[in-house]
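Student: Mind looking at a prediction? Sequence and model below.
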Amino acid sequence: MRDAIQQGAAVIRALRNERLTPDQVRRRQDRSLRRMVEYAWNRSRFYRDKFEAAGVRPEDIRSIADLARLPTTTKTELQRYGITRALARGYSPANTFEDATSGSSGTVMKFYHSREAYNRYFAFAYRHLAAIGYRPWHRVAYTAYERLTPLPWERLGLGRRERVDLTQADPRGYVADLLRVRPHFITAYPSILQLILATATPAELSRIRPRAIHLHSELLTEGLRRQISEGFQCDCFDDYGAFEFHHIAYECPRHRYHLAADNVIVEFVRDGRPAEPGEEGEILLTGLSNRAMPLFRYAIGDVGVPGDEICPCGSGFPTMKLVQGRVDDFVVLPSGRRLSPRAINPVYEHLPGLLEHVLIQESLDHVLVRVNVAEAHRDSTPAVIERELGALFGGEVRVEVRLTARIARGRTGKLRTVISKVTPR
């Protein structure tokens with residue numbers, strides 16, 4: 001019951017925060033940053049050592065403008081130090097919530113969040129759904145491998161969450177779950193909805209018809225967004241996050257990405273300086289919610305563009321554009337040219353009968369594409385993919401396409417569509 005009360009209070013604060021003016025948002029971020037720096041100095045051995053090595057004390061960091069005085073943090077650095085060792089004093093795996101993800105190497109990385117942070121993440125997720133029309137009496141279908149733990153207010157018929165069971169081997173089961181639930185909203189990985197669209201009949205899709213779809217955790221190209229929106233006959237809204245912070249930015253009803261400024265401070269850095277509005281920059285993240293594992297200027301490996309416009313949706317949160325996926329998802333060509341999933345996936349994601357796909361760069365001059373294709377298109381689609389990718393790569397790379405019955409997903413169910421085993425030069 002305590003969590004329910006905290007989550008409810010966090011929802012109220014999150015909804016109010018979204019209506020703050022840009023100046024108010026910035027002042028609150030500055031205040032939260034000062035508190036988190038002071039906290040990390042006193043409770044995190046990892047950051048106490050980093051701050052001292054950089055010659056920085058808490059009183060030196062008064063606002064976001066001072067963040068550049070702090071050193072960046074990388075995932076590799078954390079792993080070498082030891083994730084559990086990096087926990088703040090008073091926290092351990094026993095009194096935190098564990099998240100895990102795996103990269104292209106298959107190595108699982110764990111991360112820990114405080115209970116208070118998890119309650120805030122719930123509020124941020126609710127805020128995004130509310131922004132696209134969700135109300136507590138609506139049914140939401142979640143694609144998930146694990147059972148959903150019932151929340152206290154669900155017993156009152158509020159905030160009903162229904163599971164689309166991803167442990168089912170046959171995607172027809174996903175369709176059956178959606179037909180049973182008849183959800184007002186769907187929250188899912190884009191690749192799962194692509195699989196459902198390829199499996200369901202037009203009559204079945206007409207019976208599902210959600211009001212809107214909330215997409216998350218995977219790369220969303222404009223072509224895939226259009227395919228999902230047209231297939232389900234509703235609008236789609238993306239959520240940009242990472243398991244270290246959960247919520248980074250979310251798409252408003254006007255289809256602009258707003259930074260979750262009460263959860264993270266987002267820097268866009270180009271050649272060591274802040275990127276100008278409209279200019280690409282590496283994304284660095286500083287967390288404001290999780291006291292179990294504070295993170296400052298964390299290099300997530302994404303590239304984005306800061307915005308400076310006031311959005312007509314009414315939110316005072318800053319805007320951004322996500323340009324490219326994470327660095328380890330780039331294909332590196334022999335010429336040195338690098339291609340992100342946003343350049344690669346549109347080449348073939350629209351092809352008829354394509355259910356799932358993953359491109360693996362095995363070496364500098366060889367990529368392997370595993371595809372799950374409907375029976376009627378198994379003879380033609382692989383050749384088209386080979387030809388189109390060969391043209392995209394300019395003949396620099398040998399393209400091999402293999403048919404497969406099903407593509408293995410990570411432990412969370414996400415599908416990484418581009419994986420590179422090549423280290424950028």
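Tutor: Nice, I can see it. Numbering: from 1, shown residues only.
Student: For Gln24, identify the helix or strand it belongs to.
Tutor: helix 22-43 (DSSP states H and E).
Student: low-scoring pLDDT stretches of this protein, where are they?
Tutor: 1, 102-108, 150-157, 323-328, 410-413, 424-425 (pLDDT under 70).
Student: one more time with 80
Tutor: Along the chain, the parts satisfying pLDDT under 80 run over 1-4, 100-109, 145-159, 169, 219, 322-330, 336-343, 345-350, 408-416, 423-425.
Student: And the helix holding Gln24, what's buried?
Tutor: 25-26, 29-30, 32-34, 36-37, 40-41, 43 (16 or more other Cβ atoms under 10 Å). Just so you know, the C-beta spots here come from the backbone N, C-alpha and C atoms, and that holds for glycine as well.
Student: which stretches of this structure form helices?
Tutor: With DSSP state H, the ranges of helices along the chain come out as 2-17, 22-43, 45-53, 75-81, 115-131, 172-181, 190-199, 202-208, 222-232, 341-344, 381-392.
Student: hang on, the earlier thing: what angle sits between the helix holding Gln24 and helix 45-53?
Tutor: On the basis of axes from the mean of the first three to the mean of the last three Cα atoms, to 10 degrees, helix 22-43 is oriented at 100 degrees to helix 45-53.
Student: how big is the angle separating helix 22-43 from helix 2-17?
Tutor: Using the same axes, to 10 degrees: helix 22-43 against helix 2-17 is 140 degrees.
Student: okay, the helices of the chain in a markdown table with distance to Met320 next?
Tutor: Listed next are these as a markdown table, based on distance: least, Cβ to Cβ, whole Å:
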| stretch | distance to Met320 |
| --- | --- |
| helix 2-17 | 17 |
| helix 22-43 | 14 |
| helix 45-53 | 26 |
| helix 75-81 | 21 |
| helix 115-131 | 15 |
| helix 172-181 | 32 |
| helix 190-199 | 19 |
| helix 202-208 | 32 |
| helix 222-232 | 17 |
| helix 341-344 | 15 |
| helix 381-392 | 27 |
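Student: Quick one: closest of the ones you listed to Arg62.
Tutor: Evaluated over those, closeness to Arg62 peaks at helix 22-43, with 6.5 Å, by Cβ to Cβ.
Student: who touches Thr201 in this structure?
Tutor: By Cβ atoms under 8 Å, 6 or more residues apart in numbering, the contact set of Thr201 is empty.
Student: tell me the phi and psi of it?
Tutor: Its backbone dihedrals place Thr201 at phi -80, psi 160, with angles given as degrees, to the nearest 10.
Student: do you know how far it is from Val181?
Tutor: 17 Å (Cβ to Cβ, to the nearest Å).
Student: Which of the buried residues of helix 22-43 sits closest to Ala14?
Tutor: Checking those one by one against Ala14 (Cβ to Cβ), the nearest turns out to be Val25, at 12.6 Å.
Student: From Arg127, how far out is His214?
Tutor: Counting by Cβ to Cβ - His214 and Arg127 are separated by 12 Å.
Student: same question, Gly287
Tutor: 17 Å.
Student: Could you do Arg172 as well?
Tutor: Taken as Cβ to Cβ, the span from Arg172 to Arg127 is 34 Å.
Student: Now the residue lying closest to Asn345 once chain neighbours are set aside: phi and psi?
Tutor: Ranked by Cβ to Cβ, 6 or more residues apart in numbering and with sequence neighbours excluded, the top spatial neighbour of Asn345 is Thr221, at 5.2 Å. Backbone torsions for Thr221, taken as degrees, to the nearest 10, come to phi -90, psi 160.
Student: residues touching the spatially closest residue to His377 that is not a sequence neighbour, list them.
Tutor: Excluding its sequence neighbours, the residue lying closest to His377 (Cβ to Cβ, 6+ apart) is Gly353, at 2.9 Å. Shown in contact with Gly353 (Cβ under 8 Å, 6+ apart): 198, 373-374, 376-378, 381.
Student: Now with 10 Å, please.
Tutor: Gly353 makes contact with 198, 371-378, 380-381 under the criterion Cβ atoms under 10 Å, 6 or more residues apart in numbering.
Student: Likewise for Val367?
Tutor: Residues in contact with Val367 (Cβ under 10 Å, 6+ apart) are 331, 333, 344, 359-361, 389-390, 393, 397-401, 418-420, 422.
Student: Give me the buried entries from those residues.
Tutor: Buried subset of those (neighbour count, 16+ other Cβ under 10 Å): 331, 333, 344, 359-361, 389, 393, 397, 399, 401, 418-420, 422.
Student: domains in this protein, as residue ranges please.
Tutor: 2-118+241-324, 328-420 (automatic domain parsing).
Student: quick one on the thing from earlier: same drill for Arg172 and Arg127, tell me which one is more crowded.
Tutor: With neighbours defined as other Cβ atoms under 10 Å, Arg172 and Arg127 compare such that Arg127 has more, 23 against 13.
Student: Could I get the full set of strands for the stretch 201-350 of the chain?
Tutor: Ranges of strands in the stretch 201-350 of the chain, per DSSP state E, counting those that start in this stretch, are 212-216, 235-240, 249-251, 257-259, 264-270, 273-274, 281-287, 298-306, 319-324, 331-332, 338-339.
Student: Rebuild those strands as TSV, extending it with distance to Ala408.
Tutor: Below are the strands of the stretch 201-350 of the chain laid out as TSV (distance: least, Cβ to Cβ, whole Å):
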stretch	distance to Ala408
strand 212-216	20
strand 235-240	24
strand 249-251	29
strand 257-259	30
strand 264-270	31
strand 273-274	40
strand 281-287	29
strand 298-306	23
strand 319-324	25
strand 331-332	20
strand 338-339	24
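Student: so of those strands, which one's packed in deepest?
Tutor: A comparison of the strands of the stretch 201-350 of the chain by mean neighbour count, using mean count of other Cβ atoms under 10 Å, puts strand 249-251 on top with a mean of 26.
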